[in-house]
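Visitor: Give me coordinates for this.
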Amino acid sequence: MAVATERGNTAGGLHGRKANCVRERRSFRFVLSVPTLLVAMFAVGVFLMPSVSAAQALDPPSPAKAPDDQTETLIGRLHQAFDGVQDLRQRRAAFERLMASTPDPTRVQIRHVAANGVEADLIWPARLHHPIGKRAILYLHGGGFYSGSLRTHRNIAGSLAKAASADVLLIDYRLLPEHGFPAQIDDAVAAYRWLLASGYRPENVVVAGESVGGTLAIEVVLRQMRLKGPLPTAVVAMSPVTDFSATGPSVIANAGSDPFMGKAELELIRKAYAGGKSAVDPALSPLYADMTGFPPLLMQVGARETLLDDTLRLQDKARRAGVDVSVEVWPGMIHQWQIFPFWIDDARKSNAKVAEFAISHFADKPAQQ
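Guide: Residues are numbered from 1 along each chain as shown. The predicted structure follows:
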């Protein structure tokens, strides 16, 4: 793996976002515009191998283990990391510690960029021959709006870059409690517009995210629709929060089976994120938005999730609005299982499904050998 990045101040300013930065060791620092970046990448010869299928591009599986055993092992790790931790900053630190124990992605190149003032990593498959700057996935990480970083989600971003033969822009948007609504949406929209200004055509851009990152992915497009701006070719929302009023029956029915998200967590996030703003405001909860004209949408959700009905109800609403929407319900999976492809076989498989969906909607398909 080649990692050449250092998190810190970048051109354009960071809106006072230093409080959210988690320092990491880096070999050296890049803050480049895309045209300069593309020339540099071509010069060092990153075009080394022909493209492969989404399934082939994912990292090799871990030793065989039953899906139920894998999930229970993950649940045990989550309890170890989060039990007894309530303060948002402490929960952020706990998530960072958990993900610091996980592997970095392999066979990718990473450059740090300033995307309209938003810190980000541009990640591309180092061993795949594909046109850099042709296709992009804007990836918006989950973490309850109060946690998550470039380090915590680098593995899933790298997996998607290889599987989709695309450049992935993983952004470090502002976090709670230092920054509330609408800072997170503002940063995500700014990063999307940076991709367009950098030469990626909308028909070659997919916006994706998991948990509240999936919520952001939907809200980015809803804002673009309200402003009549260019829309991405497709959207992927993995286990999104679509209803901060927590009225879905699965919030209660699955409360005992999903340790990563529950009604108390939703209420904690909503109060910190939105303050006194109504939970049914469409700018907060996509379930209450007008979906007419929304791009093709893929949603994934685990059968054990408290947010199962958030996904199913949004699917129904989107279909009634004429949206090309598809939903995958994954048996036995809990909230945010997709970010653990190094521990969960179904995470690798679900990542491959996301990549296949993205490829199917890119105007310029990657070459397949």
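Visitor: Helices along this protein, start to end?
Guide: 34-43, 54-57, 67-82, 88-100, 154-164, 183-197, 212-226, 250-253, 263-274, 308-320, 345-361 (DSSP state H).
Visitor: Can you give me the buried ones in the third one?
Guide: Applying a neighbour-count criterion of 16 or more other Cβ atoms under 10 Å, one finds 70-71, 74-75, 78, 81-82 buried in helix 67-82. To be clear about C-beta, it is placed using only N, CA and C from the backbone, and glycine gets the same treatment.
Visitor: what separates that helix from the chain centre, distance-wise?
Guide: Centroid separation between helix 67-82 and its chain, computed with Cα atoms, centre = their mean, to the nearest Å, is 21 Å.
Visitor: Residues in contact with that helix: which ones?
Guide: Contacting residues not belonging to helix 67-82 are listed as 65, 91, 94-95, 97-98, 259-260, 332-334, 337, 340, 343-346 [Cβ atoms under 8 Å, 6 or more residues apart in numbering].
Visitor: from these, which would you call buried?
Guide: By 16+ other Cβ under 10 Å, those give 91, 94-95, 98, 259-260, 332-334, 337, 340, 343-344, 346 as buried.
Visitor: With respect to Ala115, which of these is nearest?
Guide: Nearest to Ala115 out of the buried ones among the contacts of helix 67-82 is Phe95 (Cβ to Cβ; 22.7 Å).
Visitor: Quickly note the distance from the closest residue to the closest one other than its chain neighbours to Val221.
Guide: Among residues not flanking Phe95 along the chain, Ser147 sits closest, at 4.3 Å (Cβ to Cβ, 6 or more residues apart in numbering). Remark: distance between Ser147 and Val221 (Cβ to Cβ, to the nearest Å) = 24 Å.
Visitor: ditto for Ala183
Guide: 18 Å.
Visitor: Which residue of these two possesses the greater neighbour count?
Guide: Val221 (26 against 18; other Cβ atoms under 10 Å).
Visitor: Now do the more buried one against Glu265, distance only.
Guide: As judged by Cβ to Cβ, Val221 and Glu265 stand 25 Å apart.
Visitor: and what of Val329?
Guide: Val329 is 21 Å from Glu265, by Cβ to Cβ.
Visitor: Then Ala237?
Guide: 18 Å.
Visitor: now Asn116
Guide: From Asn116 to Glu265 the distance is 30 Å (Cβ to Cβ).
Visitor: returning to that earlier point: quick one, which of Val329 and Glu265 is more surrounded?
Guide: Glu265 (19 against 14).
Visitor: ok, the more buried one - contacts?
Guide: Counted by Cβ under 8 Å, 6+ apart, Glu265 has contacts Gly144.
Visitor: mind checking pLDDT for it?
Guide: Looking at Glu265, its pLDDT stands at 87.
Visitor: Also Leu48?
Guide: 32.
Visitor: Quick test: name the residue nearest the centre of the chain.
Guide: Gly209 (2.8 Å; Cα atoms, centre = their mean).
Visitor: how far away is the closest residue to Pro331 other than its chain neighbours from Val327?
Guide: What sits nearest to Pro331 in space, not counting adjacent residues and going by Cβ to Cβ, 6+ apart, is Ala303, at 4.9 Å. Distance of Ala303 to Val327, given as Cβ to Cβ: 12 Å.
Visitor: Is there a neighbour count for the closest residue to Ile252 other than its chain neighbours? I'd like the number.
Guide: Spatial nearest neighbour of Ile252, excluding adjacent residues (Cβ to Cβ, 6+ apart): Lys263 at 7.4 Å. Lys263 is flanked by 13 other residues according to other Cβ under 10 Å.
Visitor: Hmm, Asp310 and Lys263 touching each other?
Guide: No - at 12.0 Å, Lys263 does not count as touching Asp310 under the criterion of Cβ atoms under 8 Å.
Visitor: check contacts around the nearest residue to Arg223 once chain neighbours are set aside.
Guide: Leaving aside its sequence neighbours, Arg223 sits nearest to Val189 (Cβ to Cβ, 6+ apart; 5.7 Å). Contacts were defined as Cβ under 8 Å, 6+ apart; by that measure Val189 touches 220, 223-224.
Visitor: Dump these into CSV; add distance to Leu284, pLDDT and neighbour count as well.
Guide: Listed next are the contacts of Val189 as CSV, based on distance: Cβ to Cβ, whole Å; pLDDT from 0 to 100; neighbours: other Cβ atoms under 10 Å:
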residue, distance to Leu284, pLDDT, neighbour count
Val220, 14, 98, 25
Arg223, 12, 98, 17
Gln224, 17, 98, 19
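Visitor: Arg89 contacts Pro177, correct?
Guide: Yes - using Cβ under 8 Å, Arg89 is in contact with Pro177, at 7.2 Å.
Visitor: Mind listing the shared neighbours of those two?
Guide: Tyr146.
Visitor: burial of the residue lying closest to Arg304 once chain neighbours are set aside, as a residue count?
Guide: Leaving aside its chain neighbours, Arg304 sits nearest to Ser257 (4.2 Å; criterion: Cβ to Cβ, 6+ apart). Ser257: 15 surrounding residues under other Cβ under 10 Å.
Visitor: and if you look at Met225?
Guide: With other Cβ under 10 Å as criterion, Met225 counts 17.
Visitor: Check Pro249 too.
Guide: Applying other Cβ under 10 Å, we find 12 other residues in the vicinity of Pro249.
Visitor: pLDDT wise, what is the nearest residue to it once chain neighbours are set aside at?
Guide: Closest residue to Pro249 apart from its sequence neighbours, by Cβ to Cβ, 6+ apart: Asp309 at 5.6 Å. pLDDT for Asp309: 97.
Visitor: ok, so what distance separates Leu88 from Asp104?
Guide: 26 Å.
Visitor: And for Leu122?
Guide: Taken as Cβ to Cβ, the span from Leu122 to Asp104 is 16 Å.
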